[in-house]
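1. Okay, predicted coordinates and the sequence, questions at the end:
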Amino acid sequence: MKMRLTVLVILAVVVGKAFAQQTGTEQTQPPPKPKPVVRLTFAERMKQYLQRTGSTIDEGKSGPDMVVSNYPDAKGTKLTIVLVNDRRKNLIGFYIYNFGSLKGATNKEEVYKYLLGANDAITIGSFFVDSEEDIGYKYLVSGGQTMTQAAFESAYFTMAAVARERKPEIRKLLGSANEKEDRPSDVKKAAEEKPPSES
């Protein structure tokens, strides 16, 4: 009887120690590491947004800090919208060109007046004239926070609508020298590898 009791006590001690060691081991193991957050580059993020808009991407003109997209028009033409990552200012810029140029225009004051009036009427972005006297339309957003798909689409589609609505009137004001659609120099301008400089 004493022998059985001794065996039971020894068994209880051994099991208790084993349980204590197992519990101690579980407590010292580090918690599982969370999966690392995959950070997309500017170009990857913009391309991801653009996939849902029906736009195409001009890979040949795009780069790490610039994505050149072509949004299809109901008439079958395409509107070029350039997305630029301005790291220095921490801004993301949406740019549209192909409105024409003030070079040689005899009615510059009238065109400026129209552009100022358009800026007062539109909900996002603004028309501008750059240092080469080309007319552009831009919208800048902070690059510090991630833009949602809905916010991207709202900006992108609104800009496309404004450009389509205002372009004929701007071309008409500029006259016959700017009537040709999408001149190669304008397309080249839209695909510059740096944010457009303004005067």
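-> Good, I have the coordinates.
2. From residue 30, how far off is the residue nearest in space to the middle of the chain?
-> The chain has residue 46 as the residue nearest its centroid, 4.3 Å off, counting by Cα atoms, centre = their mean. Here the distance between residue 46 and residue 30 works out to 38 Å (Cβ to Cβ, to the nearest Å). (Each C-beta comes from the backbone N, C-alpha and C, glycine too.)
3. which residues does residue 137 bridge with?
-> residue 96, residue 127 (DSSP bridges).
4. which residues touch it?
-> With contact taken as Cβ atoms under 8 Å, 6 or more residues apart in numbering, residue 137 is in contact with 95-97, 99, 125-128, 159, 162-163, 166.
5. Go again with 6 Å.
-> By Cβ atoms under 6 Å, 6 or more residues apart in numbering, the residues touching residue 137 are 96, 125, 127, 163.
6. A strand includes the residue nearest to the centre of the chain, no?
-> No - assessed with DSSP: H, G, I helix; E, B strand; the rest coil, residue 46 is helix; it does not lie in a strand.
7. Number of residues surrounding the residue nearest to it when sequence neighbours are not counted?
-> Counting by Cβ to Cβ, 6 or more residues apart in numbering, residue 67 is the residue found nearest to residue 46 once chain neighbours are left out, at 4.4 Å. By the measure other Cβ atoms under 10 Å, the count of residues near residue 67 is 25.
8. what sits up against the helix or strand where residue 67 lies?
-> In this assignment (DSSP states H and E), residue 67 forms part of strand 66-72. Strand 66-72 has contacts (Cβ under 6 Å, 6+ apart) with 43, 46, 50, 55-58, 61-62, 78-84, 160, 191.
9. So which of those sit within strands?
-> If you go by DSSP state E, the contacts of strand 66-72 have 56-57, 78-84 in strands.
10. Pick out the lowest-pLDDT one from those.
-> Note: of the ones in strands among the contacts of strand 66-72, the lowest pLDDT belongs to residue 78, at 89.
11. Right, I'll call it a day here.
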